[in-house]
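> Quick one, fold the following:
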Amino acid sequence: MKSWIKAFRLRTLPLAIAGWLVGISLAGNDTTLNYVTAILTLFTAILLQILSNLANDYGDASSGVDENRTGETRMVSSGKISARAMKNAMVLFSLFSFITGSYLLYLAFPDDWTSALIFLLIGLVGIGAAIKYTVGKNPYGYAGFGDVFVFLFFGIVLVFGTYYIQSAQMNWGILLPASSIGFFSVGVLNVNNIRDIESDRKAGKNSVPVRIGRERAIVYHKILLKGGMLFSILFVFLNFRSWAGLLFILVSFLFYKNIKAVATKPSQELDPYLKQMAISTLLFSVLFSIGQIASWFF
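Here you go, the predicted model:
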């Protein structure tokens, strides 16, 4: 059981919760929330996050990337979980994600089959992308496109999708905070990839830091975190309701601490800052949501 819990990589789950929180709080500005579909949305997002983590564990072990890893021990490469058992778990979580996602769409869009089919297609693509990230021939995560997947699915799709499922409205301004969560989520991945830059280079995993080098990856990290903060500040001023909407600025010092660590610490010492970045993203979303909830009453 401990091995499976480690395989789930619980420290990454704040990313799924963060995007959901932002989407739900924004939806509350425009509609009465449906708490059943809200919980189902969160549950489906967490299942997809776990599926992605299981696939990553399986794929990196199969490709040999884990042989010189400096971060936490992976379960398949360490022999604590067999490759076959991990593959079965991936199938199971794919099925769970499909079932909960389908039931969510049935409840959210009983008379809107177009929206239901569009979201079903997005969900199926998400399941496939979570697996294909490191599994199979030519996984796109090894070609440096993992950042795009994380930005789209943990930022745009999760935040905007959560909002739309509740409100059935196309508010394009939501793309600003959705992009913030996307940038911060990519920031988590970037810390991970900078930590593993040497082992990834040896194994032929061409992550963004491997492609552009550590120094440019540090600049990239600064752009992600500062850009994410600026996008949400812009959203608040364009949709100003209350100064409480800027509460999330309090998280700036945590992002600064993360940037400084990435810029100054050796790769083998960066593992704690992956968790710190994920928690900082969750804290950002909590304060952002509190600011939005406060605006409901003003």
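
> what about the closest residue to residue 191 other than its chain neighbours, neighbour count?
The shortest distance from residue 191 to any non-neighbouring residue, by C-beta to C-beta, 6 or more residues apart in numbering, is to residue 274 (4.7 Å). (Glycine included, C-beta is placed from N, CA and C.) As a burial measure, residue 274 scores 24 neighbours (other C-beta atoms under 10 Å).

> Please tell me I have it right and residue 274 contacts residue 14.
No - with contact defined as C-beta atoms under 8 Å, residue 274 does not count as touching residue 14 (11.2 Å).

> Spit out the residues that contact these two alike.
Listed as contacting both residue 274 and residue 14 by C-beta atoms under 8 Å, 6 or more residues apart in numbering is no residue at all.

> what's the spacing between the helix or strand that contains residue 84 and its chain's center?
Under the criterion of DSSP states H and E, residue 84 resides in helix 83-108. Averaging C-alpha positions (C-alpha atoms, centre = their mean, to the nearest Å) puts helix 83-108 18 Å from its chain's average.

> Check which residues of the following helix or strand past that helix are buried.
Scanning forward in sequence from helix 83-108 by DSSP H and E, the next helix or strand is helix 113-132. Within helix 113-132, the residues scored as buried using 16 or more other C-beta atoms under 10 Å are 116, 119, 120, 123, 126, 127, 129, 130, 131, 132.

> One more: stretch 204-217?
For stretch 204-217, by 16+ other C-beta under 10 Å, it's 205, 207, 208, 209, 210, 217.

> before we move on, what about stretch 6-22?
6-9, 11-22.

> Which elements pack onto the helix holding residue 84?
With contacts taken as 3 or more C-beta pairs under 8 Å, 6 or more residues apart in numbering; DSSP states H and E, helix 83-108 sits against helix 2-8, helix 35-63, helix 113-132.

> Let's see that with 10 Å instead.
Other helices and strands packing on helix 83-108, by 3 or more C-beta pairs under 10 Å, 6 or more residues apart in numbering; DSSP states H and E, are helix 2-8, helix 35-63, helix 113-132, helix 161-167.

> so for it, what's the average pLDDT?
Averaging pLDDT along helix 83-108 yields 94.

> One more: stretch 211-222?
Per-residue pLDDT values over stretch 211-222 give a mean of 95.

> I would like the residues contacting that stretch, please.
143-144, 147, 186-187, 190-191, 193-194, 197-198, 201, 207-210, 255-256, 258-259, 261-264, 267, 277 (C-beta atoms under 10 Å, 6 or more residues apart in numbering).

> Show the buried residues in those.
Buried among the contacts of stretch 211-222 (16+ other C-beta under 10 Å): 144, 147, 186-187, 190-191, 193-194, 197, 207-210, 255, 258-259, 261-262, 267, 277.

> ok so, going back, ok, and the residue nearest to residue 191, which helix or strand is that part of?
Short version, using DSSP H and E: residue 274 is in helix 271-295.

> in that helix, what counts as buried?
271, 273-292, 294-295.

> Isn't residue 231 up against residue 159?
No - Residue 231 is beyond contact range of residue 159, at 11.4 Å (criterion: C-beta atoms under 10 Å).

> Who has more neighbours out of the two?
Counted by other C-beta under 10 Å, residue 231 and residue 159 do not tie: residue 159 has more neighbours, with 30 against 18.

> Skipping its backbone neighbours, what lies nearest the more buried one in space?
Residue 159 sits nearest to residue 178 (C-beta to C-beta, 6+ apart), 3.6 Å away.
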